[in-house]
Each structure stands twice: as structure tokens, then as C-alpha cells.
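**Q** structure here, sequence nowhere to be found:
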């Protein structure tokens, strides 16, 4: 019975760790990684209370606005190469932040105006679009 209560405690700890994340694939993946680590620690001989002991480091707050989420991509090097609007939307979606294309153009334009990103007009035959890159 003790092993069952340890597993429940570990699962609750993993759920608490991803509680503030938006629902989506990133949250699920983070939960799986955290759960796997907690289970490995438990198998190594740590009790559930030792595993669940809070750390002194504060947890970083998840970015809430579209602009802040785009800046997270920039900080991680996503804009080292030129990226189109569709690529940006797809990367945000992978991280659990789904947006329509029309809701991204305004925040991207404001980031360009603030010189946090650069954009260039690219033509592919008759089709013209913008690509965004780090300054």
C-alpha cells in the first residue's frame, strides 16, 4: 500500500509542476519528462516526501501574451534564420500556443518597430511575403 501512495504522491507532484502551463502538446511532454524523473528518483531510494520537497529557486512565469511568446522563440534562437508567418505559427502551436495567422501579424509588426526583430519582403514569383529574423 505504501508504494501505491508514493506513486500517487509522485503523480500529484508532476501535475503540480505543469499546472500553470497552457494545455497542449508541450504541457503533456513536460509532464511526462517530470514524471519520469520523479519516478527515477523514487527508484533510486528517495522517499516521496524527499522527491516532493520544494526547491528554493522560483519557477519562471510562463509568457502570457503573443508578443512575449514570440520573444521566447527569439531568445531560444528560432529567428537566427529567416522565418515566415506560417513557420512562426507552427512553432508556437508545437509549444502549445495555437494562434491564427491574422493574430500574429500585429505583434510581429510591433516587435519590428521596437527593433526586436527585423523583416524583409521576399518574393516567390508573383507571391510576396515577409520573413522575420533577429537583428
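**A** Now that the structure is in, tell me what you want to look at. Just so you know, these numbers come straight off a predicted model, no measurement behind them.
**Q** would residue 128 count as being in a strand?
**A** Yes. Counting by DSSP: H, G, I helix; E, B strand; the rest coil, residue 128 falls inside a strand.
**Q** contacts only, for it.
**A** 121-122 (CB atoms under 8 Å, 6 or more residues apart in numbering). (Glycine included, C-beta is placed from N, CA and C.)
**Q** got the domain ranges for the protein?
**A** Domain ranges of the chain: 2-52, 66-133, per automatic domain parsing.
**Q** could these go into JSON lines alongside mean pLDDT?
**A** Formatted as JSON lines, these follow (pLDDT from 0 to 100):
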{"stretch": "domain 2-52", "mean pLDDT": "73"}
{"stretch": "domain 66-133", "mean pLDDT": "93"}
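**Q** ok, the residue nearest the centre of the chain - contacts?
**A** Among the residues of the chain, the one closest to the centroid is residue 95, at 4.5 Å (CA atoms, centre = their mean). When contacts are counted by CB under 8 Å, 6+ apart, residue 95 touches 24-26, 69.
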